[in-house]
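K.L.:
Model the structure of this input:
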Amino acid sequence: MSQKPLVMIKGTRDGLTLFLSDDAPFHDVKEQLIDMLNQDDFDEVDSLITIKVELGNRLLHTDEREELKNLIQSKRRLVVQDIVSNVISKQEALALKEASDVHLHTRPVRSGQVVDIVGDVLVIGDVNPGGTVKATGNVFVLGALRGIAHAGYGGNADVVIAASLMNPVQLRIAELYSRAPDYETDGVYMECAYIEEGQIVMDRLQQVMKKRPVMNGFERSVLNV
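P.N.:
The predicted structure is shown next:
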């Protein structure tokens, strides 16, 4: 009986994809991969070949991923572009959950205070002048926003800042910022800020819902809090 292939190779426009069996010991997979690499004349080709490795439902530790990468790149014309797995570690899963959660802040943000959140933040209370709210996701304020709000501070531009009363000192979304007007204002009720055509714009919350479908995901997250 012939041995079940533990390594399969497929050519694509971008290079080669290696599919590694996820139901065999990693040592056996490596042995078959070594045999395959030795049988093909990869060193004879003129240009570099990019390799994407598909692990399936196998999770490799950092040292195992590095060992796999070095094994493939021992053929001087092969370059590992990516190693992809269908599963993630518990630590990665917890970080992903934190980044997608809605975090409640149920008191006013005072002058000099900085609320720094990974994920979306819902402030129930006012953000006073001198107070700052930062989030890698969206910023929502059920109250008056009179301080500084920074949404998407990790670089995500597809986020919004919304407040019951919008009268901020400064708004920031990703790397862009918008200052408060030079004149006195009473603020605007139920407005939302987002990026459009490279600048921060303001619109009624109802209109933003049509332009930012991510808001629907926020609604589901709030209902599950």
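
K.L.:
Outline the domain layout of this structure.
P.N.:
The chain resolves into domains spanning 7-88, 98-223 when parsed by automatic domain parsing.

K.L.:
the longest helix in this structure is where?
P.N.:
Assignment by DSSP state H gives helix 26-39 as the longest helix of the chain.

K.L.:
and it, what does it pack onto?
P.N.:
Packing partners of helix 26-39 (3 or more C-beta pairs under 8 Å, 6 or more residues apart in numbering; DSSP states H and E): strand 7-12, strand 15-20, helix 62-72. C-betas here are computed from N, CA, C, even on glycine.

K.L.:
okay, the angle between the last one and helix 26-39?
P.N.:
Going back to what we said before, that points to helix 62-72. Using axes from the mean of the first three to the mean of the last three C-alpha atoms, to 10 degrees, the inter-axis angle of helix 62-72 relative to helix 26-39 is 20 degrees.

K.L.:
What's the first helix or strand after helix 62-72?
P.N.:
Sequence order places strand 78-84 as the next helix or strand after helix 62-72, per DSSP states H and E.

K.L.:
Could I get the average pLDDT for that following strand?
P.N.:
The average of the pLDDT scores along strand 78-84 is 88.

K.L.:
repeat for stretch 13-23
P.N.:
86.

K.L.:
now could you export just the CA positions of it as PDB?
P.N.:
Provided in PDB are the C-alpha atoms of stretch 13-23 (Å, rounded to 0.1, in the frame of the first residue of the first chain):
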ATOM      1  CA  ARG A  13       0.000  32.900 -10.500                       C
ATOM      2  CA  ASP A  14       1.800  34.100  -7.400                       C
ATOM      3  CA  GLY A  15       4.100  31.100  -6.900                       C
ATOM      4  CA  LEU A  16       3.600  27.800  -5.200                       C
ATOM      5  CA  THR A  17       1.300  26.700  -2.400                       C
ATOM      6  CA  LEU A  18       2.300  23.800  -0.100                       C
ATOM      7  CA  PHE A  19      -0.500  21.900   1.600                       C
ATOM      8  CA  LEU A  20       0.700  20.100   4.700                       C
ATOM      9  CA  SER A  21      -1.300  17.300   6.200                       C
ATOM     10  CA  ASP A  22      -2.700  18.200   9.600                       C
ATOM     11  CA  ASP A  23      -3.500  14.600  10.700                       C
END
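
K.L.:
what does it contact?
P.N.:
With C-beta atoms under 8 Å, 6 or more residues apart in numbering as the test, stretch 13-23 has contacts from 4-11, 29, 33, 49-58, 72, 81.

K.L.:
OK, contacts around the closest residue to Gly130 other than its chain neighbours?
P.N.:
Of all residues not flanking Gly130 in the chain, Ser111 sits nearest, at 3.1 Å (C-beta to C-beta, 6 or more residues apart in numbering). By C-beta under 8 Å, 6+ apart, the contact list for Ser111 reads Asn128, Pro129, Gly130, Gly131, Gly147.
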